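1. dropping a prediction and its sequence here:
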Amino acid sequence: MADPDFASPRMERVLDTAADLLVRWGYQRVTIDDVARHAGIGKGTVYLHFHNKEALFLTVLLRAQHQVVASTAERMAADPEQLLPSRLVSSLYRVLSEDPLARALYLGDAEVLGRLAHEAADTLGALVGRRQEVLTEHLRLLHAAGCLRSDLRPEALLYMLSAIGAGFFFVGGMPGGTPDLDVETRTDLLERAIAATIEVPDPPAVELERLAPVVAELYRSLIEDIDHEVRRRVR
């Protein structure tokens with residue numbers, strides 16, 4: 001969490017514990033009592049921060065989304081090639097392969113999220129819309145800079161990017177996937193597929209360097225929206 005007003009060690013412990021139990025047991029089975037017991041605190045302490053179970057676990061999901069988006073912005077600021085859609089999606093694929101909570105969030109895992117997926121629809125749905133707006137503007141900037149195919153509009157490129165990504169994320173499942181292909185191999189194949197489909201052969205490095213701070217700031221603006229939703233749910 002980025003804001004010190006709600007990033008106390010005690011709250012982090014509560015959120016870490018809730019995240020672990022959510023992945024291991026699923027939303028339907030976990031109770032506030034379970035979270036408090038495993039975090040080594042009283043149930044009343046959890047209620048000092050959260051009105052109810054839904055608010056607690058929505059905050060867990062929002063924190064996971066914050067972390068994914070923040071790491072994306074940091075990678076872009078440090079390495080302009082991370083602006084390329086092939087690098088963006090392959091990096092996300094690797095993150096989801098390693099982080100079961102982020103994977104459940106981004107893939108809408110009903111076994112883990114259960115009823116929470118429906119309870120979170122309004123909140124996370126709005127953020128998904130914002131994420132699509134940011135990605136669309138990201139692609140528009142790359143398109144105008146000559147980094148993507150010129151024969152298709154940015155909206156068509158976004159459709160192709162989403163279709164390829166969905167295929168890799170869902171076909172064969174994660175994290176196991178196709179038995180004879182490990183995560184690194186599948187990540188490399190995903191990157192190659194996107195690069196060959198929507199990017200130009202040699203994206204101009206000077207344009208990527210110029211756009212890196214601009215696009216990174218787009219993703220940071222999304223972090224602000226995520227944190228605003230957290231503040232609505234934390235006492």
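-> Ah, there it is.

2. now the helix or strand of the chain with the lowest mean pLDDT, how far from the chain's geometric center?
-> Ranking every helix and strand in the chain by mean pLDDT, DSSP states H and E puts helix 116-119 at the bottom, with a mean of 80. Mean C-alpha position of helix 116-119 versus that of the full chain (CA atoms, centre = their mean, to the nearest Å) differs by 17 Å.

3. what is it packed up against?
-> helix 53-78 (3 or more CB pairs under 8 Å, 6 or more residues apart in numbering; DSSP states H and E). (Each C-beta comes from the backbone N, C-alpha and C, glycine too.)

4. let's see 10 Å
-> helix 53-78, helix 100-107, helix 110-113 (3 or more CB pairs under 10 Å, 6 or more residues apart in numbering; DSSP states H and E).

5. and the last one, what's buried?
-> Okay, so that is helix 110-113. Residues 112-113 are the ones in helix 110-113 that count as buried (16 or more other CB atoms under 10 Å).

6. residue 206: neighbour count?
-> For residue 206, the number of neighbouring residues by other CB atoms under 10 Å comes to 10.

7. and the direction of the one helix or strand it maps to versus that of helix 53-78, what angle?
-> In the assignment (DSSP states H and E), residue 206 maps to helix 205-233. For helix 205-233 against helix 53-78, the angle by axes from the mean of the first three to the mean of the last three CA atoms, to 10 degrees is 160 degrees.

8. pull out the buried positions in helix 205-233.
-> 207-208, 211-212, 215-216, 218-220, 222-223, 225-227, 229-230, 233.

9. just stretch 26-44 next, same as before
-> In stretch 26-44, counting by 16+ other CB under 10 Å, buried: 26-27, 30, 32, 35-36, 38-39, 41.

10. just the pLDDT at the closest residue to residue 226 other than its chain neighbours, thanks.
-> Of all residues not flanking residue 226 in the chain, residue 66 sits nearest, at 4.8 Å (CB to CB, 6 or more residues apart in numbering). The score at residue 66 is 94. That number is its pLDDT.

11. do the one 5 residues further on as well
-> On the pLDDT scale, residue 71 is placed at 96.

12. mind listing what it touches?
-> 91-92, 95, 102, 219 (CB atoms under 10 Å, 6 or more residues apart in numbering).

13. ditto for residue 43
-> Here residue 43 is in contact with 31-37 (CB under 10 Å, 6+ apart).

14. okay, the least confident helix or strand of the chain in CSV with CA atoms only?
-> The C-alpha atoms that make up helix 116-119 are tabulated as CSV, following Å, rounded to 0.1, in the frame of the first residue of the first chain:
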residue,chain,number,x,y,z
LEU,A,116,-17.0,-11.9,-3.7
ALA,A,117,-16.7,-11.7,-7.5
HIS,A,118,-20.3,-10.6,-7.7
GLU,A,119,-20.1,-8.3,-4.7
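
15. list the contacts of that helix.
-> So helix 116-119 is contacted by 22, 26-28, 30, 53-55, 57-58, 60-61, 104-105, 108-110, 113, 124 (CB under 10 Å, 6+ apart).

16. go again with 8 Å.
-> Helix 116-119 is contacted from outside by 27, 54, 57-58, 61, 108, 110, using CB atoms under 8 Å, 6 or more residues apart in numbering.
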